[in-house]
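**Q** Here is my input; please provide its structure:
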Amino acid sequence: MEAVILILGLLAVIFVALGVYATVKVVGAAKRGVDRTITQARRTVEDTALRAKSYGQLGVGGELAQLRLALRTSMRATQEALQAGVVEDPSLSESLGLFERLGVHGRELDEELKTLEREPDRATVTSRLPGLKERTGRITRSADALRWAARDRARQFADDDLSALNVQIDVEAGALRHWTTEEPGPGRPADQGVQEPMREPVRETAQEPGPRRKQGQGQGQSQGPGEDRTAQAITAPDPRLRTGYPWQKSARPETTN
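**A** Purely as a prediction, here's the structure:
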């Protein structure tokens, strides 16, 4: 009895532990989902604000907004392209690692541009603007190079697969049309692709060696002098019984009235 109670107690403890673990996992997943949603919403708001500043604000503030918008757009597009491509092409993992290193410089530049937007000394910001543009261009060019290289690689794989598929389809189509193509044999024109119907061979009686018959022997009528002929048992085939292709109609016998 005590053993049964001990086993039931252990099962209860296990079930409670599993319930707590499942609850923690669900709460963690929900928290990550909420954080992801908040991050995406904050990012969308920032992008909208930067786009409004780049078009509506003049001077140094507008140029800083344009630099931040170009930087964020290029980095986000490259990240999405590499993360989507590495699922089907694991060789892009190295490119994704390089992009992570590039992203460190991109985040530092974005924070610096964001700080300069609130800088009251516009003269200092204006003096530093050429260097900021050059850094932004270097980072965006590297990100664009990774993104387009990944896309070109995926397109090349798709083109190679399509070419191989076209070859297989051509071979299959030729095999399905095997009756229209025939290798020409020796002494046969190449344009004769369809075989003619086989005719019934003509049977001939073999002649036995021996002396020639005399004139008039074993024949119903006499032969002229000097003629040397042999009897041949040749029967011409009936054209009505000649066989052809299975789709040809057989000739109808003639009827006599």
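
**Q** Going along the chain, name the helices of the stretch 101-250 of the chain.
**A** 122-176 (DSSP state H, counting those that start in this stretch).

**Q** Low-confidence ranges, it, go.
**A** 180-250 (pLDDT under 70).

**Q** try 50 this time
**A** 190-194, 196-197, 202, 204-208, 210-211, 213-234, 245-247 (pLDDT under 50).

**Q** Quick check: the gap between Lys133 and Glu63.
**A** 8 Å (CB to CB, to the nearest Å). C-beta here means a position set from N, CA and C on the backbone, and glycine is covered the same way.

**Q** Comparing the two, which shows the higher neighbour count?
**A** Taking neighbours as other CB atoms under 10 Å, Lys133 and Glu63 compare with Glu63 leading, 19 against 14.

**Q** show me what contacts the more buried one?
**A** Leu129, Lys133 (CB atoms under 8 Å, 6 or more residues apart in numbering).

**Q** Remind me which helix or strand it belongs to.
**A** helix 60-88 (DSSP states H and E).

**Q** Now do that helix, average pLDDT.
**A** Average pLDDT, helix 60-88: 90.

**Q** Give me the angle between it and helix 122-176.
**A** Going by axes from the mean of the first three to the mean of the last three CA atoms, to 10 degrees, helix 60-88 is angled at 30 degrees with respect to helix 122-176.

**Q** For helix 60-88, buried residues please.
**A** The neighbour-count check on helix 60-88 (16 or more other CB atoms under 10 Å) flags 60-61, 63-72, 74-75, 78-79, 81-82, 85-86 as buried.

**Q** Do I have it right that Leu132 meets Lys114?
**A** No. Leu132 is beyond contact range of Lys114, at 11.7 Å (criterion: CB atoms under 8 Å).

**Q** out of these two, which sits in the busier spot?
**A** Neighbour count, other CB under 10 Å: between Leu132 and Lys114, Leu132 has more, with 18 against 14.

**Q** quick one: contacts for the nearest residue to that one once chain neighbours are set aside?
**A** Excluding the flanking residues, the one nearest Leu132 by CB to CB, 6 or more residues apart in numbering is Leu67, at 6.2 Å. Taking CB under 8 Å, 6+ apart as the criterion, Leu67 is in contact with Leu113, Leu132, Lys133, Thr136.

**Q** Could you check how far the first one is from Gly85?
**A** Taken as CB to CB, the spacing of Leu113 relative to Gly85 amounts to 29 Å.

**Q** cool, and the last one?
**A** Using CB to CB, one gets 25 Å for the distance from Thr136 to Gly85.

**Q** residues near the closest residue to Thr73 other than its chain neighbours, how many?
**A** In this structure, Thr73 finds its nearest non-sequential neighbour in Asp47, 7.9 Å apart by CB to CB, 6+ apart. Under the neighbour criterion other CB under 10 Å, Asp47 is assigned a count of 15.

**Q** On the secondary structure side, give me the element for Asp47.
**A** Short version, using DSSP H and E: Asp47 is in helix 2-56.

**Q** which strands and helices sit next to that helix?
**A** helix 60-88 (3 or more CB pairs under 8 Å, 6 or more residues apart in numbering; DSSP states H and E).

**Q** could you give the angle of the helix it packs on to helix 2-56?
**A** With the same axes, to 10 degrees applied, the angle from helix 60-88 to helix 2-56 works out at 140 degrees.

**Q** The residue nearest to Leu102 when sequence neighbours are not counted - how many residues pack around it?
**A** The shortest distance from Leu102 to any non-neighbouring residue, by CB to CB, 6+ apart, is to Ser142 (5.6 Å). Using other CB under 10 Å, the number of residues around Ser142 comes to 19.
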